Every structure is written in C-alpha cells, then in structure tokens.
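[1] sequence first, predicted coordinates after that:
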Amino acid sequence: MSQQNQNIEECVRSSLEIYFRDLGGEAPNDMYDMLVRLVEKPLLEVVMQQADQNQSRAAQWLGLNRNTLRKKLVDHQMLQGGTTN
C-alpha cells in the first residue's frame, strides 16, 4: 500500500474514532450510508475538477459508467449548467 493510501486510510480511521467519541456512548445509525455520502462528494468534486468537468474522463478515472457518475452528480447537486460531455 502506498504512503498516500495509508494517509487517507489513517485520516478516515481517526475521523471515525472522533465520531464515536463525540457520540458519547450513543449508538450510531446508518453509518455506512452516511460515510459513503461524506466521502463520495469530495471525491467527485476533486475528480471532476481534475478532469476539467469532463464527465466521460472522470467516469473512466473512477471506474464508473458515465450514466452512474451523472446520477451521483445529480444526487450530490453537483451538475453545472447541463454539462453533457
């Protein structure tokens, strides 16, 4: 595993530990969906920026079908002015 992957993994681990600490013993709800949404949005933002808003390129980089990427962009309210590339 690369150092960059370890840094991301450690950041997620640390954030989850803080999350549980902040819950103060309360049981969490729907953690999986919450975490996926919280990670997915910045992932999509950065990849779209790096791909110059080109959905086809971003979908390829992410290993997603372009229609799947487009649905995720709509779900996160990230589509800008009818971009269709």
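    Nice, I can see it.
[2] who's in contact with the residue nearest the centre of the chain?
    Among the residues of the chain, the one closest to the centroid is Glu40, at 1.4 Å (CA atoms, centre = their mean). Contact analysis of Glu40 by CB atoms under 8 Å, 6 or more residues apart in numbering lists Lys72, His76. Every C-beta, even on glycine, is put in place using the N, C-alpha and C of the backbone.
[3] what are the boundaries of the helices in the chain?
    Taking DSSP state H, the helices of the chain run over residues 3-23, 31-50, 55-62, 66-75.
[4] list the contacts of the residue of the chain most remote from its centre.
    Largest separation from the mean C-alpha position in the chain: Gly25, at 27.1 Å (CA atoms, centre = their mean). With contacts defined as CB under 8 Å, 6+ apart, Gly25 has no neighbours.
[5] gap between Pro28 and Asp52?
    38 Å (CB to CB, to the nearest Å).
[6] repeat for Met1
    Separation of Met1 from Asp52 (CB to CB): 29 Å.
[7] neighbour count: those two, which is higher?
    Asp52 (9 against 6; other CB atoms under 10 Å).
[8] now do the more buried one, the pLDDT please.
    Confidence at Asp52, expressed as pLDDT, is 97.
[9] cool, and the one 3 residues further on?
    Model confidence at Gln55, given as pLDDT, is 98.
[10] wait, it sits on Arg66?
    Yes - Gln55 is within contact range of Arg66, at 5.7 Å (criterion: CB atoms under 8 Å).
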